[in-house]
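In: output the structure for:
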Amino acid sequence: MEANVTISVNVDTLPRLIGHLISEEELKFEPLSRKIAKAAFNMEEGKIFESTQLLGEAMESLSAIESRLRQCDMLIKGLGNALNGKTDETEDRVKNIVQQAQDISEFSSFLSKMGDQEENED
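Out: Numbers count the residues shown, from 1 in each chain. Got it, this is the predicted structure:
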């Protein structure tokens, strides 16, 4: 499920915002690595179903990370094109890029909070 949230962001802050989004994805790799290691350990212990579940969760996480990084890549390319004047609709393009970055940032914060709650429950 996705939600659109509107926030005003200065175009000059977009590189920092996109960098923050990328950094958030980087932080997801350590817990993901632990999950994969636990799946490997479970396999060595003969816990097949537990390993399958952990690997499924890891693949879902990887897919979400890949999706977010693709969005960041598109934002970076769109911002670069807009700032280099490669389109006639530079202002509209920058506004669209700002909107996408805002939506991603808000959704990322929401997902992070949800993930923290799930980890605390375990």
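In: only the buried residues of the longest helix along the chain, if you could.
Out: Counting residues, the longest helix in the chain under DSSP state H turns out to be helix 48-83. With burial defined by 16 or more other C-beta atoms under 10 Å, the residues of helix 48-83 counted as buried are 51, 54-55, 58, 61, 65, 68, 71-72, 75-76, 78-79, 82. In short, each C-beta sits where N, CA and C put it, glycine included.
In: which one of those is nearest to E24?
Out: Lowest distance from E24 to the buried residues of helix 48-83 (C-beta to C-beta) belongs to R68, with 7.9 Å.
In: can you tell me the element the nearest residue to that closest one once chain neighbours are set aside falls in?
Out: Distances taken as C-beta to C-beta, 6 or more residues apart in numbering place E25 nearest to R68, at 5.3 Å, with adjacent residues excluded. For E25, the element it lies in under DSSP states H and E is helix 14-27.
In: just checking, what packs against that helix?
Out: With contacts defined as 3 or more C-beta pairs under 8 Å, 6 or more residues apart in numbering; DSSP states H and E, helix 14-27 has these neighbours: helix 48-83, helix 90-121.
In: out of those, which gets the lowest mean score?
Out: For those, mean pLDDT drops lowest on helix 90-121, to a mean of 64.
In: quick check: I104 vs A64, distance?
Out: 12 Å (C-beta to C-beta, to the nearest Å).
In: now swap in E44 and tell me
Out: Distance from E44 to A64, by C-beta to C-beta: 27 Å.
In: relative to helix 48-83, how tilted is the helix or strand where N42 lies?
Out: Element membership for N42, per DSSP H and E: helix 29-44. Helix 29-44 runs at 160 degrees relative to helix 48-83, counting by axes from the mean of the first three to the mean of the last three C-alpha atoms, to 10 degrees.
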